[in-house]
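Colleague: A predicted structure for the sequence below; I have some questions about it.
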Amino acid sequence: MRIGEVLKLTPSDIYERRLTLKDPKSGREQEFIFIPQRLADRLKDYVRQKGIQSHERIFPICYEAAREMVAKAGSVMGIHLRPHDLRRHAATYTSRSGVPIEIVSKVILRHSNLSITERYLGK
C-alpha cells in the first residue's frame, strides 16, 4: 500500500479487515487490501473517537506532509527515511517471516509481475 493511497481513506472504505483503495496507482478503479484484525479495530476506534464522518478523509493531510512526518521520524532515529523505505521494509520483513513471495508481491505490494518484487527485495 502506498502512502498516497492511505491518505485518501474514508470510514466508508473500511469493511471488517478490508480497505478499499480508490483510484490506486495501478490505474484500476479500486483495489482491496487486507489488514490485521488488531489494526482494523484500532482504525475503527480512531474514526469513532475523532467523530470522522463516512465521507471525510481519515488522514486529512497531503502526501508532502506525510513525507515530512516520516523524514522527521527518521531524523529522530538518526537515519534518512522516506515513505517508500517503510514500504520496502514491510515487504522485506514479511518475506523474511516466511510469507510466500507470491503473497508479498500480489497482496502486499500489489505488483503486476513477480520479477518486480524479486528485484525489489533483492532476491
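Modeller: It's in.
Colleague: packing partners for the helix or strand containing residue 69?
Modeller: Residue 69 belongs to helix 63-77 when assigned by DSSP states H and E. Packing partners of helix 63-77 (3 or more Cβ pairs under 8 Å, 6 or more residues apart in numbering; DSSP states H and E): helix 3-6, helix 83-96. To be clear about C-beta, it is placed using only N, CA and C from the backbone, and glycine gets the same treatment.
Colleague: so for the first one, mean pLDDT?
Modeller: Going back to what we said before, that points to helix 3-6. For helix 3-6, mean pLDDT is 60.
Colleague: go on, stretch 58-65?
Modeller: Mean per-residue pLDDT for stretch 58-65: 88.
Colleague: may I see the buried residues of stretch 67-82?
Modeller: Using 16 or more other Cβ atoms under 10 Å as the test for burial, stretch 67-82 gives 67, 70, 81.
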